[in-house]
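[1] Here is a sequence with its predicted model. Questions after.
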Amino acid sequence: LVELQLQVSLLPLSHLQARRVQLGAGLRVQQLQAKLAGLALQLGGNPSLHGPLQLSVGALEQAELLPQAWQFDGQLQANAQQQRLQGALSNAAGLSLKVDTERDAQGALRLSATLAELFFRAGNPLSQSFRAWPALLQIGNGRLLGQASLQLPVGKPLSLDLALQFKGLAGIYDRSELSGLDGQLSRGLQGDQLTLELAQLNLQQLNPGLPIGPLQVQGRYIARLGQPLQGQLSWQTAQAAVLQGQAWLPAGQLDLAQPSQDRIAGPQAEFR
């Protein structure tokens, strides 16, 4: 027997258009355009599709996102056993990410994303992209970097890691001014266990009417995903300058699942 193979390369003007596409429950795109020039399709014993891929949508609709235009420019490599998509993802608000997603032969999914450095003096694409951005928080200066990774093995719990690094943030929360906020925040989800960790947080000044600062905090919060407000808060550093003095909490922990009178383990706050 002779195995036949056929390879097809799409012409420069090849494209796909759709007015509306439903991509599963709760995710819909409008005015989809896909530029397919350069994609190569191989048919035969091991069918594959590989090459450049450009996508754009007039509006991406999802419950956690504000509807707006998105674009993707990258590379696709796919066969019956494995699929991989790499490239740059951006939206009309100015949010830009490098993404790399892969599905292996067992069906496990891996996704990683790197946030291009944000300079808040030029605007805040986060508040213009995500509904969850706090309405009372306005940031007008500073910069932010971020990385995220998601792993969904077959037959095993989901794993999610998010790391943020910020420098020189300044703005207003409600009626309180803040300036000189530096820090590193990581968030992890392993199965149903949620972890938030402040490896470092330094705030030069917080002014709710009475100047407070500098302020330093280092700590961790662990909770179950189904009970996010009943976890354990622990801290190694918690101190601030107030009224030409110093206030601090010695290292300790707070169990939010316990009655209020039994929550704190360790010494109480001190002021000098």
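    Thanks, I have it. Residues are numbered from 1 along each chain as shown.
[2] Poorly predicted segments of the stretch 1-150 of the chain, please.
    The stretch 1-150 of the chain contains residues with pLDDT under 70 at 1-8, 10.
[3] again, only using 90
    1-16, 22-27, 36-49, 80-81, 105 (pLDDT under 90).
[4] what about the strands in it?
    6-9, 15-22, 27-35, 40-43, 48-62, 70-79, 83-91, 96-103, 109-119, 137-152 (DSSP state E, counting those that start in this stretch).
[5] Kindly reformat those as TSV and extend each row with mean neighbour count.
    The way it works is simple: take the backbone N, C-alpha and C, and place the C-beta from them, glycine included. Shown next, in TSV, are those (neighbours: other CB atoms under 10 Å):
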stretch	mean neighbour count
strand 6-9	10
strand 15-22	11
strand 27-35	16
strand 40-43	14
strand 48-62	17
strand 70-79	16
strand 83-91	17
strand 96-103	16
strand 109-119	16
strand 137-152	16
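[6] Can you tell me who Glu61 pairs with across the strands?
    Beta-bridge pairing for Glu61 (DSSP bridges): Arg28.
[7] Roughly how far does it sit from Leu150?
    Per CB to CB, to the nearest Å, Glu61 is found 21 Å from Leu150.
[8] just Leu137 next, same as before
    Distance, Leu137 to Leu150, by CB to CB: 26 Å.
[9] Would you mind giving the strands of the stretch 1-150 of the chain as JSON lines with distance to Gln204 added?
    Output for the strands of the stretch 1-150 of the chain, formatted as JSON lines (distance: least, CB to CB, whole Å):
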{"stretch": "strand 6-9", "distance to Gln204": "58"}
{"stretch": "strand 15-22", "distance to Gln204": "48"}
{"stretch": "strand 27-35", "distance to Gln204": "41"}
{"stretch": "strand 40-43", "distance to Gln204": "55"}
{"stretch": "strand 48-62", "distance to Gln204": "37"}
{"stretch": "strand 70-79", "distance to Gln204": "36"}
{"stretch": "strand 83-91", "distance to Gln204": "32"}
{"stretch": "strand 96-103", "distance to Gln204": "28"}
{"stretch": "strand 109-119", "distance to Gln204": "19"}
{"stretch": "strand 137-152", "distance to Gln204": "11"}
